[in-house]
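**Q** Fold the following for me, if possible:
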Amino acid sequence: MASTLRLSSSSSSCSRQIDAAIHVPKLPKVIPYFSVPKIPTRKQLVQELNIREGFTFTGIVPVEKINEITTTSTDDKIATTQLYAILEAVADRVEMHANIGKQRENWNTLLLNSINMITLTAATMAGAAAIGGAGMPLLALKLSSTLLYSAATGMLLVMNKIQPSQLAEEQRNATRLFKQIQTQIKTMMALGSPTEKDVKGVMEKVLSVDKAYPLPLLGAMLDKFPAKFEPSVWWPSNQQLQKKNKSSEGKQRAEKKNGWSEEMEVEMREIIEVVKRKDIEDYERLGNLVLKINKVLAIAGPLLTGVAAVGSAFVGNGSWTAIVAVAAGALGSAVNAFEHGGQIGMVFEMYRNCAGFFRLLQESIEATLEERDLEKRENGELFEMNVALKLGRSLSQLRELARKSASSSIDGTAIDEFASKLF
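**A** Numbers count the residues shown, from 1 in each chain. Model prediction:
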C-alpha cells in the first residue's frame, strides 16, 4: 500500500513537471516586420510626373506625349545653353566697343592738339622768316615751316578721312545697343523656357549691330561723307514678318483683346504720323546740314595748310608770300579746331542714330499693327507703355498727342510739337 502511494505520488509529480514544460506561455516576437517596397508601375510614374509639373492626371499619358515632353525639355536646355553662349559673346563685344571707343576719342584729342601745334609753329616760323634773315637762317626757317605745313596737311587728310570723333560716337552707340541686347537675353532667361526662335532672333540682332557699327578702319568702315543723309539701321529687317502678316486671313476684332482695341490702334497710327512728319523729317534736315558743313570743313582744312606750305616755301621773295603762309596757316588751324574740336563728325553720327531710333519705332509699330492675330501681338497696354517711355511721355501725354494729330489732320493744319520729349 505504501509503495502504491509512492508510485502514484511520483507519477503525479512527473506529470506536473511534464505539463509545466509543455504549457509554457508563448513569448512575443522580437523581430520587426519588414516589407519589401513595390516597384512603381509606368502609370504611377506618369501620374507622379504630372502632379509635380502641376498637371491634373486624367489617365495614362500616351508614349508619344511622354516623348514630346522629353524632347521639348531637351530643346529648352539647348536653347538656354545657346543663349548663355550668345550672352558671353555680347558681354565681350560690350567691353571691346567701350575700350575702342575710348581709344578713338583719345585719337581725336591727340591729333587735334598735335596738328594745331604743328600748324601754329609753322606759321610762327614763316612770320619769323619774313621779318628778317638771310642766307642759311632764312633757308632753315623756310624749310622747317614748309615741312611742318606739309606734315599738318597729310595728318589732316587722314584725320578728316576717318573722323575720330564720329568713330568714337559709333562705338558708344554700339556699346549701348549691345547692353540692351544683354539685358534682353537676361530677361528672356529669367522669364523661362526660351525657344529656338528666341535664339535666332537674338543672333539676328547681334549680327545687325555688328554690321551697323563695324570696328575695322579699312574696307568695312562706314562712309563718313555719304552722298545723302541716311539714318542708322541696327535691327533686322521686318519685311518677312510684314509679308507673313499680310497673307493672314481675316482680322480678329473684339471690344478689347490682349489689351488691344480700335481706339488704341488709331492712337498708334497717329503717333506714327507725328514721328514721320516732325521727328524723322527734322533730324534728316539737320543731318543733311551737318553733313554739308563737315564736307566743307574737311576740304578747307587741308587746302589752307597746303596753300600755307606753298607760301612758306617762297617767303623772302615778296611780302605777299609771308602773308599767305601765315594767314593760311592760322585759318587752317581755326578750321581744324572748329571741325574736330567741335566734333562735327560726332554730331552727324548722333543725328544718324536719332533718326534711326525713330525709324525703328515707326517700323516696330507698323509691324505690330499689321499682325492680324491679336493674340500674337505684344500686349496692347504694355506696348503703349513702352512707346510712351521711348518718347519720354506719360500715357496721358501720349494719348493727348494722338488726339492733337487727329484733329490737325481734320483741320488741315500742321501739328506744333514733336513726338519725342527726350531729344
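
**Q** in a strand, that's where Met125 is, yeah?
**A** No: secondary structure of Met125 (DSSP: H, G, I helix; E, B strand; the rest coil): helix, not part of a strand.

**Q** Next, count neighbours for it.
**A** Neighbour count for Met125, taken as other CB atoms under 10 Å: 25. Where you see a C-beta, it was placed from the backbone N, CA and C, and this is true even at glycine.

**Q** Contacts only, for it.
**A** For Met125, the contact set (CB atoms under 8 Å, 6 or more residues apart in numbering) comprises 141, 144-145, 148, 312.

**Q** Setting aside sequence neighbours, what's the nearest residue to Tyr283?
**A** Leaving aside its sequence neighbours, Tyr283 sits nearest to Ala355 (CB to CB, 6 or more residues apart in numbering; 4.1 Å).

**Q** nope, Ile78 is what I meant
**A** Glu196 (7.9 Å).

**Q** For Lys278, see how far away Leu286 is.
**A** 13 Å (CB to CB, to the nearest Å).

**Q** again, but for Pro236
**A** Pro236 sits 26 Å away from Lys278, going by CB to CB.

**Q** who's more crowded, these two?
**A** Shown here are Pro236 and Lys278; by other CB under 10 Å, Lys278 has more neighbours (19 against 15).

**Q** need the contact list for that one.
**A** Counting by CB under 8 Å, 6+ apart, Lys278 touches 415, 417-419.

**Q** Also Leu361?
**A** Contact partners of Leu361, counting by CB under 8 Å, 6+ apart, are 275, 387, 390-391.

**Q** Save the residues you listed as a markdown table, and put in neighbour count and distance to Ile118 too.
**A** A markdown table is the format used below for the contacts of Leu361 (neighbours: other CB atoms under 10 Å; distance: CB to CB, whole Å):
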| residue | neighbour count | distance to Ile118 |
| --- | --- | --- |
| Val275 | 23 | 46 |
| Val387 | 22 | 51 |
| Lys390 | 16 | 46 |
| Leu391 | 22 | 47 |
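
**Q** Gly345 contacts Glu170, doesn't it?
**A** No: using CB atoms under 8 Å, Gly345 is not in contact with Glu170; the gap is 9.6 Å.

**Q** Grab the nearest non-local neighbour of Gln397.
**A** Among residues not flanking Gln397 along the chain, Ala388 sits closest, at 7.3 Å (CB to CB, 6+ apart).

**Q** That neighbour contacts Leu395, correct?
**A** Yes: shown here, Ala388 and Leu395 form a contact pair, counting by CB under 8 Å, at 5.4 Å.

**Q** circling back to that earlier point, can you name the two of the contacts of Met125 that sit furthest apart?
**A** The most widely separated members of these, counting by CB to CB, are Leu141 and Leu148 (10.7 Å).

**Q** Stretch 153-162: how far from the chain's middle?
**A** Relative to its chain's centre, stretch 153-162 lies at 31 Å (CA atoms, centre = their mean, to the nearest Å).

**Q** which one of Ala388 and Leu395 has more residues nearby?
**A** Using other CB under 10 Å as the criterion, Ala388 and Leu395 rank with Ala388 on top: 18 against 13.
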